[in-house]
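# Sequence and predicted structure below; questions after.
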Amino acid sequence: MDHHIGFILYNKGGIYIIHSSGRFPFCVVKERIRFSRSVLFSRVKAIGNLSEDRTLIPKWLFRQRVY
């Protein structure tokens with residue numbers, strides 16, 4: 001997104017974005033992606049799949065360098 005980042009959750013219940021809200025309630029929120037103001041008002045959107053990379057996730061969790 002233009003000035004924001006979040007995680008997309010896709011499951012049987014729907015498609016959600018999990019992100020830190022920049023407005024009320026000023027916390028991490030999970031909301032349906034089609035109603036998210038952060039997504040709706042962003043001119044740029046990019047999606048990538050991090051969870052399929054079996055080498056990236058452990059490095060990220062253990063604060064190791066990613067090459």
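Ah, there it is.

# Endpoints of stretch 42-60, how far apart?
End-to-end distance of stretch 42-60 (C-alpha to C-alpha, to the nearest Å): 27 Å.

# Let me see the mean pLDDT of it.
Averaged across stretch 42-60, pLDDT comes to 84.

# What are the contacting residues of stretch 35-46?
Here stretch 35-46 makes contact (C-beta atoms under 8 Å, 6 or more residues apart in numbering) with Met1, Asp2, His3, His4, Gly6, Ile17, His19, Ser21, Gly22, Arg23, Ile33. All C-beta spots, glycine's among them, are computed from the backbone N, C-alpha and C.

# next structured bit after the helix or strand where Tyr16 lies?
Taking DSSP states H and E as the definition, one finds Tyr16 inside strand 14-20. Per DSSP H and E, strand 14-20 leads on to strand 28-32 as the next helix or strand towards the C-terminus.

# got the buried residues for the next helix-or-strand element following that next one?
Per DSSP H and E, the first helix or strand lying C-terminal to strand 28-32 is helix 37-40. Residues of helix 37-40 classed as buried by neighbour count (16 or more other C-beta atoms under 10 Å): Ser38, Val39.

# same deal with stretch 30-39?
The neighbour-count check on stretch 30-39 (16+ other C-beta under 10 Å) flags Glu31, Ile33, Ser36, Ser38, Val39 as buried.

# will you turn those residues into TSV that also has distance to Lys45?
Formatted as TSV, the buried residues of stretch 30-39 follow (distance: C-beta to C-beta, whole Å):
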residue	distance to Lys45
Glu31	15
Ile33	10
Ser36	11
Ser38	10
Val39	7
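
# hey, what's Val28 bridged with?
For Val28, the beta-bridge partners are Ser20 (DSSP bridges).

# these two touch, right, it and His19?
Yes: contact criterion C-beta atoms under 8 Å: Val28 and His19 qualify, at 7.1 Å.

# who has more neighbours, the two?
Ranked by neighbour count (other C-beta atoms under 10 Å), Val28 and His19 place His19 first, with 19 against 10.

# Skip the chain neighbours and tell me the closest residue to that one.
Spatially, and ignoring its direct neighbours in sequence, His19 is nearest to Gly6 (3.1 Å; C-beta to C-beta, 6 or more residues apart in numbering).
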